[in-house]
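A.B. asks: build me a model from this:
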Amino acid sequence: MLTVEGLSVAYDDVTVLRQVSFQVNPGEIIAVVGANGAGKTTALRAISGLVHARAGRIQFDGARIEKMRPHHIVEAGLVHVPEGRKIFPSMTVRENLELGSFIRQARLKRRESMEWVFDLLPRLKEREAQVAGTMSGGEQQMLAIGRALMARPKLLMLDEPSLGLAPLIVRDIFNTVRTINSQGVTVVIVEQNVSHALAMAHRGYVLENGEIVLEGKGRELLSNEEMKKAYLGM
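C.D. replies: From the prediction side, this is the model:
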């Protein structure tokens, strides 16, 4: 579904990604893990068209997208939930969700999508008239995910969805991601929470200083001695 080949990205003279390559198959959950500053967020931003690659090739669902504008990438079915949620705090929960269905295909299914999101995330139904900025961090993260689902993605990219949340909320977030995947949405998740992400993922890639240094099945990476020492404190 998604193929990234030789992706290199720089901010001014600082190279952040160096020849990064990975692939995502339909129906998978793929975890991209690594320390803060490894280049994980930059990889997602390059795929979704928010930053331009210096070199490399990105193909999604059979089409080259590395030169496409971000809203066209969303129209193609690839949707990005950014780090920090980026909800519209002065708007209600329902208004935030409606904005997620801005593309034509999604607008035609807005009512159906709203019911799907409310069924998946019932707390949002309870809060639909509430101003989004007054909700807890976990609720806002659920809203950011729900807003992305309103665009009817084929592939959902999540950037640090557990960041700054309490352990019980983190568990709920990861359970929600599993449910989304079980309902037919392919997922790429970027996380510093290495153990949770790899335990959930079908496969994982480890980024270090802008390069892929390890890859494999999620639970195999969890048992890798190098991973245990570098990321799991074991």
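
A.B. asks: so what's F22 up against?
C.D. replies: 4, 30, 32, 205, 212, 215 (CB atoms under 8 Å, 6 or more residues apart in numbering). Every C-beta, even on glycine, is put in place using the N, C-alpha and C of the backbone.

A.B. asks: neighbours around the fourth one, how many?
C.D. replies: When you say that, I think you mean Y205. 26 (other CB atoms under 10 Å).

A.B. asks: from G218, how far off is it?
C.D. replies: Y205 sits 10 Å away from G218, going by CB to CB, to the nearest Å.

A.B. asks: what is in contact with those two at once?
C.D. replies: With CB under 8 Å, 6+ apart, Y205 and G218 have common neighbours A31.

A.B. asks: out of the helices and strands in this structure, which is least certain?
C.D. replies: Here the helix or strand of the chain ranked lowest by mean pLDDT, DSSP states H and E is helix 225-231, holding a mean of 78.

A.B. asks: so the residue positioned nearest the centre of the chain is in which element?
C.D. replies: In the chain, the residue lying closest to the centroid (CA atoms, centre = their mean) is L158, at 1.5 Å. In this assignment (DSSP states H and E), L158 forms part of strand 155-159.

A.B. asks: now for that strand, which elements pack on it?
C.D. replies: With contacts taken as 3 or more CB pairs under 8 Å, 6 or more residues apart in numbering; DSSP states H and E, strand 155-159 sits against helix 40-47, strand 78-81, helix 137-149, strand 186-191.

A.B. asks: for F88, find the nearest of the ones you listed.
C.D. replies: When those are compared by CB to CB, helix 137-149 sits nearest F88, at 9.0 Å.

A.B. asks: packing partners of that closest one?
C.D. replies: Using 3+ CB pairs under 8 Å, 6+ apart as the contact criterion, the elements in contact with helix 137-149 are strand 78-81, helix 93-100, helix 110-120, helix 122-126, strand 155-159, helix 167-182.

A.B. asks: out of the ones you listed, which gets nearest to A63?
C.D. replies: strand 78-81 (10.3 Å).

A.B. asks: the residue nearest to the centre of the chain bridge partners, please.
C.D. replies: Beta bridges link L158 to V81, I189, judged by DSSP bridges.

A.B. asks: so it sits against I145, correct?
C.D. replies: Yes. Applying CB atoms under 8 Å, one finds L158 in contact with I145, separated by 7.2 Å.

A.B. asks: show me the common contact partners of the two, please.
C.D. replies: The contact sets of L158 and I145 overlap at V81 (CB under 8 Å, 6+ apart).

A.B. asks: how far away from the center of its chain is stretch 149-167?
C.D. replies: Relative to the mean C-alpha coordinate of its chain, stretch 149-167 is positioned 5 Å out (CA atoms, centre = their mean, to the nearest Å).

A.B. asks: okay, it in CSV with CA atoms only?
C.D. replies: Taking Å, rounded to 0.1, in the frame of the first residue of the first chain, the C-alpha atoms of stretch 149-167 are listed here in CSV:
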residue,chain,number,x,y,z
LEU,A,149,-11.4,8.9,10.4
MET,A,150,-14.0,11.3,9.1
ALA,A,151,-11.9,11.5,5.9
ARG,A,152,-12.4,7.8,5.4
PRO,A,153,-8.7,6.9,5.2
LYS,A,154,-7.3,3.8,3.6
LEU,A,155,-4.1,4.4,5.6
LEU,A,156,-4.0,6.3,8.9
MET,A,157,-0.7,7.7,10.2
LEU,A,158,-0.5,8.5,13.9
ASP,A,159,2.4,10.6,15.3
GLU,A,160,3.0,10.0,19.0
PRO,A,161,-0.6,9.5,20.0
SER,A,162,0.3,8.5,23.6
LEU,A,163,2.5,11.6,24.3
GLY,A,164,1.9,13.1,27.7
LEU,A,165,-1.0,10.9,28.5
ALA,A,166,-1.6,8.8,31.7
PRO,A,167,-1.0,5.1,31.5
